[in-house]
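J.: Take a look and give me a structure for this.
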Amino acid sequence: MKGKILLLLYPLARTVASINLDNSFPYGRTSDVINFGDGRSELDDLLREVAGTQSRTVVPDPFPTEGFYFRLDHFEFANVGIPAISPAAGIDAIGKPPGYGKAKVDEYLQRDYHQVGDEVRPDWDYGGAVQDTQMDFLIGLRVAEMKGRPAWKAGAEFKRR
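T.: Numbering: from 1, shown residues only. The predicted model follows:
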């Protein structure tokens, strides 16, 4: 197959959930988790359970005007009716002064987000990425072990009738 690209797609009809994995906090561990689009599906309940096992709480989106639920990678799945979740590291950085996490995220959004300067930095602490990866894995495992599919909650705009 030299010179050819093989692209395999998993059929949407067999896809039960989308868990967006690109929202880690590179400044250490956090005591909270942000759930962009909270309240739309049973995946939100799984997130709360798993976050609790890490002694973390799920908090509302601190950046609602950014519209992240509708801009992140999981949205295309939600838009075709597949329950989707986008958990993100919170901003309450463990061992840092109050406001540290929010200031770091604000700085990133203003200076680096989708800009040329959006690159790895030497001061990053990957403890939060490890924490988030473990959380995302456990959510996926719980979805895989479910008897049925995760469902949208009543009133969710992406729920298919």
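J.: Which parts of the protein are strands?
T.: Using DSSP state E, the strands of the chain run over 18-19, 32-36, 57-59, 84-89.
J.: nearest to P11, of these?
T.: strand 18-19 (13.8 Å; C-beta to C-beta). No exception for glycine: its C-beta is placed from N, CA and C like everyone else's.
J.: How about A78, nearest residue that isn't a chain neighbour?
T.: A84 (4.0 Å; C-beta to C-beta, 6 or more residues apart in numbering).
J.: Equivalent analysis for R40, please.
T.: Using C-beta to C-beta, 6+ apart, the closest residue to R40 is A156 (4.4 Å).
J.: if I pick that neighbour, what's in contact with it?
T.: Residues near A156 by C-beta atoms under 8 Å, 6 or more residues apart in numbering: 39-41.
J.: most tightly surrounded among the strands of the chain?
T.: strand 84-89 (a mean of 26; mean count of other C-beta atoms under 10 Å).
J.: Buried residues, the lengthiest helix in the chain. List them.
T.: Longest helix in the chain by number of residues, with DSSP state H as the criterion: helix 127-145. For helix 127-145, a neighbour-count test (16 or more other C-beta atoms under 10 Å) marks 127-129, 131-132, 135-136, 138-139, 142-143 as buried.
J.: One more: stretch 103-113?
T.: 104-105, 108.
J.: With pLDDT as extra columns, can I get these in TSV?
T.: Conversion of the buried residues of stretch 103-113 to TSV gives the following (pLDDT from 0 to 100):
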residue	pLDDT
K104	87
V105	83
Y108	83
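J.: Quick check: the residue nearest to A78 touching T15?
T.: No: counting by C-beta atoms under 8 Å, A84 does not reach T15; the two are 10.0 Å apart.
J.: roughly how far apart are N35 and P122?
T.: In this structure, N35 and P122 are 30 Å apart, going by C-beta to C-beta, to the nearest Å.
J.: Low-confidence regions, the chain specifically.
T.: Along the chain, the model assigns pLDDT under 70 to residues 1-8, 161.
J.: where along it do the helices fall?
T.: For the chain, the helices defined by DSSP H occupy 42-53, 75-79, 100-111, 127-145.
J.: right, so of the ones you listed, which gets closest to A93?
T.: Smallest distance to A93 across the helices of the chain (C-beta to C-beta): 4.2 Å, for helix 100-111.
J.: so how far is the closest one off the chain centroid?
T.: Centre-to-centre, helix 100-111 and its host chain are 18 Å apart (C-alpha atoms, centre = their mean, to the nearest Å).
J.: got a list of contacts for that helix?
T.: Contact with helix 100-111 is made by 25, 27, 30, 62-63, 66, 90-93, 117, as judged by C-beta under 8 Å, 6+ apart.
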